[in-house]
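> Here is my input, please return the structure:
(chains A and B)
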Protein chains: 2
Amino acid sequence: MSETTPTTEVPTTSEAGEEKKSKKALNKELKKQQKEEKKNAAKAAKPQQQQQVVQNPLETSGDNFGRAPMNQSQNRAGKKYTPVESINPSLNGEKVLVRARVHLATATGSLAFMVLRDAMHTIQAVLSAAGNGKPMVKFAGAIPKESIVDMEATVITTKEPINRCTQKDVELQVLSLFIVSEAQQLPLQLEDLARPTHELEQQKKTIEELDEKLKSLTLSEAERSDLEKKKGEANKYAEVLLDTRLNNRVLDLRVPSHQAIFRLQSAVGMLFREYLHSNNFVEIHTPKMISSASESGASVFKLGYFDTNAYLAQSPQFYKQMAICSDMERVYEIGPVFRAENSFTHRHLTEFVGLDIEMSFREHYHEVLDVLDNLMCSIFEGLETRFAKELETIKAQYGYEPFKFTRPSPRFTFDEAAAMLNEIGETVVDNDINTTQEKLLGKIIKKKYGVDFYIIDKFYRTARPFYTMPDPNNELLANAYDLFMRGEEICSGAQRIHDAKMLEESAAKHGINIPSIQAYIDAFKYGAAPHAGGGVGLERVVMLYLGIGNIRKTSMFPRDPKRIAP
Amino acid sequence: MSETTPTTEVPTTSEAGEEKKSKKALNKELKKQQKEEKKNAAKAAKPQQQQQVVQNPLETSGDNFGRAPMNQSQNRAGKKYTPVESINPSLNGEKVLVRARVHLATATGSLAFMVLRDAMHTIQAVLSAAGNGKPMVKFAGAIPKESIVDMEATVITTKEPINRCTQKDVELQVLSLFIVSEAQQLPLQLEDLARPTHELEQQKKTIEELDEKLKSLTLSEAERSDLEKKKGEANKYAEVLLDTRLNNRVLDLRVPSHQAIFRLQSAVGMLFREYLHSNNFVEIHTPKMISSASESGASVFKLGYFDTNAYLAQSPQFYKQMAICSDMERVYEIGPVFRAENSFTHRHLTEFVGLDIEMSFREHYHEVLDVLDNLMCSIFEGLETRFAKELETIKAQYGYEPFKFTRPSPRFTFDEAAAMLNEIGETVVDNDINTTQEKLLGKIIKKKYGVDFYIIDKFYRTARPFYTMPDPNNELLANAYDLFMRGEEICSGAQRIHDAKMLEESAAKHGINIPSIQAYIDAFKYGAAPHAGGGVGLERVVMLYLGIGNIRKTSMFPRDPKRIAP
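Presented below is the predicted three-dimensional model:
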């Protein structure tokens, strides 16, 4: 405990200077008045009055604790707040002001323990009746979880590490405590949302083992009862289903590992741009409302557009190519992509974030493939070296197998990939590797080459869109490639046809209604440079880098055919 | 001219090494064959054959000129290409390989002059019958404008500056010339699209003056005829209307000043992120398809969503606030914003790019306003210091009055702004400054304070959305602000109500259907930090920074109620 008594040293949170003094005076008067009232009330109905005090310790207040007035920006004193992350033994004995959530709060007689949480970081705080007075201890213990508080406290290094917090070597001895925003009853507990998957798996395993034993026909009544009891004890954690999490996404996102996931998602975008800007790419923004559902025909969302209809873009494909025809040379776009596919897999969303690039090249589309390869490797490298804290936080809940890559990444032709699958008895049908085979291939390549990231080139033309440039030496093949992470596709790309005549012929062969894409075809009539590109799915990259199995976990507010809210 | 003869030194563009030799041999044979055929044909029908040669010099070819085969990525020789931008007197006498567009090409007898264009840069190239042979000179002169060529050439410093090109001190003496992509007849000429506005204005003025003179009643027949002739001569440039430009956007975007505009647009996004990342902001991506048209009710696009309906988000407002309730602390988003407003002003689009931020603060929403102020100033500073070349290119066509700002920017309350307008006799009605008055205010502030960027704070509550936090001292006012550039609003923002009860009451007072925004209101029930934010329109920032008067010029493929293509 610090030597100063909180009541004389600690200013209130939302008032300063002159106003503070008057509030103090006011508080003293109020307290006096309250005491008088209490005395009188006690005389009249002693048991009832006692019960009220026990019921709501949050209604009590003092100079150094209570509910802060609602922040309407009444003052700007310029006080210095310290993030929980920065509190460490170097601050031993110093006074800090912290704004954080109440992760836990318990009062047991003359002591109160709190855990404060500030995004990914937690710290323990302590109050005692001797140091803070009994009302403040009770107040602290009664603060609802997830409330936001302002706390002044002295930093003290601890003798024993506090294992339940991220800040293990320090704790806070509370000087003042004000509720900034009080939480209502929670529909879900953060502990349940943050439960490590390995604990849940262990629980499942234990219960399965007990169930197995219970099947035995030779159990005595006592043995059976004992096993049932053990089973009851083992079944201590409720597993929160993904749907429940998503219905309560605002709480679910507060879980430190989820904080980390979306900080990593932001990092992927940042690293993507960093690499591209340093390679002379220009960011473009292309329209999401388009006049015809042309690129693939199916799977588009239709909307009313004044007195006509429009469609949501399935990709910026046509527009980024038109930007190339407009001499933008190297372009990228980060934006929403809409797919009206009625599918419920672990890797499909109806709206996701596309990281698209398109680039004119000089001689060979492999110039572009090299850029894509280096781009992805830069992202992996950046995540590994600059976001270790986030990865560790995610690992604590979900586990994390480090992502392996080499620079340059191994490249295989489609035929080489098919041959690897043939070797283990998998037959590739119609020159198209299915998603199960893709997963298998990922495992083969991981085993053979030790990497989670690789490229497959020279897909068959039948598997690619009409605007894909054919291979010059084998008319069955295309200058088309996919990028894979842990056996799943994250990017599809190709050299595009840059000749208007050839493009129109190819579109016609694919049964596309030419007038609906006339502006696109016309773009290639006035000189067009050879070019290639690709589109990367942001949520997929994060999901597969972390290996956390469902794309809804890496989309902040995911959309699928059944989910359009929150 | 270089001393080497092109035919022996210059490899063809798309072939290398062994293949080159065999192609040479093949070409020689072909030529021989063609010569034989020509001789025979000449005997039979001499005049006709001559006419054919004259008609299509592009059909001729040689070892060092002709049409390159279509690039299907046949080879990757790794040749070094030099951007036009990099060609300067330091390369005098050196051989370079350039890929660029043919901006101009003319052959006059024994000489051909070309101007090559590479995005924002142009350079002159020369061929002569003596050095290159007559067929190659004719070939060069016949290449359609906007075709893309590969040219090998020797860099020569010029005695006189070449004023029509950006590279004024050098020209290229051509060694080889191959068409990579041949342009068809252009619907519009680049010269017309790139015509400086001051030249068009001068022309208009001249014609107006002549028209004025023609009104005179005392003119003789000869004088009248002379004036009419002068008027005809003055009317030499066709002004290309914006609609025509947008219908041919791929060509229009090739104009160097338009290249520069979209490079600046990319720069604004980059500078925006640079500042925010260095201030611990996290990028988020929120859904554009939402379940209810709630934020303002009117002006939303409706779409079919499987067996129900959805709406396009008018802003990420609710979701970025929910991210704050999820402890993301400081977030930004760059993404499309959809407004189904049937308006045709110079500053409205139905789809634009929103640069949104939202940030929890400690004491006062001015913490956030300071961030917004510094953010915008960082962008202005970055454009000025790091994109001078682009600004100069834009100035050449459109003129450009340098953008003035101070750091910090001047701030006024709404009442102070209204008083400034009152001083010049403008009455502010209903505590809302209209757009004409905004423009006037911009002029007053420019005159008084010398700046094009300023902030107006403390708007009246009646003018702001339901989620705006009221001022603590005057219930008519809100903690709400707008940012202005050259007298037009580019950002609207405020402290938001972070208390669920207060928020619900305010929504009810505004007549909002509470169940439709329940998830949003619920987000504030479990502890919410005080926060504020704002949304900036990207296209407006670029338009107003440059002062080019129409937002369609700063949107790559703009959308308004009548324009949904290309």
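> Quick check: which ranges of the stretch 101-250 of chain A have low pLDDT?
The model of the stretch 101-250 of chain A has no residue with pLDDT under 70.
> Which residue ranges of the stretch 401-550 of chain A form helices?
A:414-423, A:435-449, A:500-509, A:518-522, A:538-546 (DSSP state H, counting those that start in this stretch).
> whoops, I mixed them up, the stretch 101-250 of chain A
All helices of the stretch 101-250 of chain A, identified by DSSP H, counting those that start in this stretch, fall at A:129-132, A:134-142, A:190-193, A:197-214, A:221-234, A:242-247, A:249-252.
> on that earlier part again, for the helices of the stretch 401-550 of chain A, please prepare TSV with the additional fields mean pLDDT, distance to chain B and mean neighbour count.
C-beta here means a position set from N, CA and C on the backbone, and glycine is covered the same way. Listed next are the helices of the stretch 401-550 of chain A as TSV, based on pLDDT from 0 to 100; distance: least, Cβ to the nearest Cβ, whole Å; neighbours: other Cβ atoms under 10 Å in any protein chain shown:
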stretch	mean pLDDT	distance to chain B	mean neighbour count
helix A:414-423	97	16	16
helix A:435-449	97	23	15
helix A:500-509	97	7	17
helix A:518-522	95	4	20
helix A:538-546	98	7	24
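> closest one to residue A:180 among the ones you listed?
helix A:538-546 (31.9 Å; Cβ to Cβ).
> follow-up on the earlier one: I'd like the helices of the stretch 401-550 of chain A written out as TSV, with distance to residue A:481 added.
As requested, the helices of the stretch 401-550 of chain A are exported to TSV (distance: least, Cβ to Cβ, whole Å):
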stretch	distance to residue A:481
helix A:414-423	9
helix A:435-449	14
helix A:500-509	18
helix A:518-522	22
helix A:538-546	16
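> To residue A:483, which of the ones you listed lies closest?
Of those, nearest to residue A:483 by Cβ to Cβ is helix A:538-546, at 9.6 Å.
> how about the residues of the stretch 51-200 of chain A near chain B?
Residues of the stretch 51-200 of chain A lying close to chain B by Cβ under 8 Å from any Cβ of the partner chain are A:70-79, A:81, A:99, A:101-102, A:119, A:146-148, A:180-184, A:186.
> Regarding residue A:556, which helix or strand does it belong to?
Using DSSP states H and E, residue A:556 sits within no helix or strand.
> Tell me where the longest strand sits in chain A.
The longest strand of chain A (DSSP state E) is strand A:95-108.
> and it, how far out from the chain's middle?
25 Å (Cα atoms, centre = their mean, to the nearest Å).
> Flag every buried residue along it.
For strand A:95-108, the neighbour count (16 or more other Cβ atoms under 10 Å in any protein chain shown) marks A:95-105, A:107 as buried.
> Among the residues you listed, which one sits closest to residue A:174?
Out of the buried residues of strand A:95-108, the member with the shortest distance to residue A:174 (by Cβ to Cβ) is residue A:98, at 10.0 Å.
> Looks like the closest one contacts residue A:79 (just checking).
No - in this structure residue A:98 lies outside contact range of residue A:79 using Cβ atoms under 8 Å: 11.1 Å.
> any chance you could map the strands in the stretch 201-350 of chain A?
A:282-283, A:289-290, A:302-305, A:308-312, A:330-338 (DSSP state E, counting those that start in this stretch).
> Quick one: those strands as a markdown table, columns for distance to residue B:464 and mean pLDDT too.
As requested, these are exported to a markdown table (distance: least, Cβ to Cβ, whole Å; pLDDT from 0 to 100):
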| stretch | distance to residue B:464 | mean pLDDT |
| --- | --- | --- |
| strand A:282-283 | 32 | 98 |
| strand A:289-290 | 28 | 96 |
| strand A:302-305 | 29 | 96 |
| strand A:308-312 | 31 | 96 |
| strand A:330-338 | 28 | 98 |
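> Let's have those in TSV, adding distance to chain B and mean neighbour count.
Shown next, in TSV, are these (distance: least, Cβ to the nearest Cβ, whole Å; neighbours: other Cβ atoms under 10 Å in any protein chain shown):
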stretch	distance to chain B	mean neighbour count
strand A:282-283	4	22
strand A:289-290	6	22
strand A:302-305	4	17
strand A:308-312	5	19
strand A:330-338	5	23
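> Pull the number of nearby residues for the closest residue to residue A:347 other than its chain neighbours.
Leaving aside its sequence neighbours, residue A:347 sits nearest to residue A:551 (Cβ to Cβ, 6 or more residues apart in numbering or on different chains; 5.1 Å). By other Cβ atoms under 10 Å in any protein chain shown, 21 other residues sit near residue A:551.
> same check, this time on residue A:56
Neighbour count for residue A:56, taken as other Cβ under 10 Å: 11.
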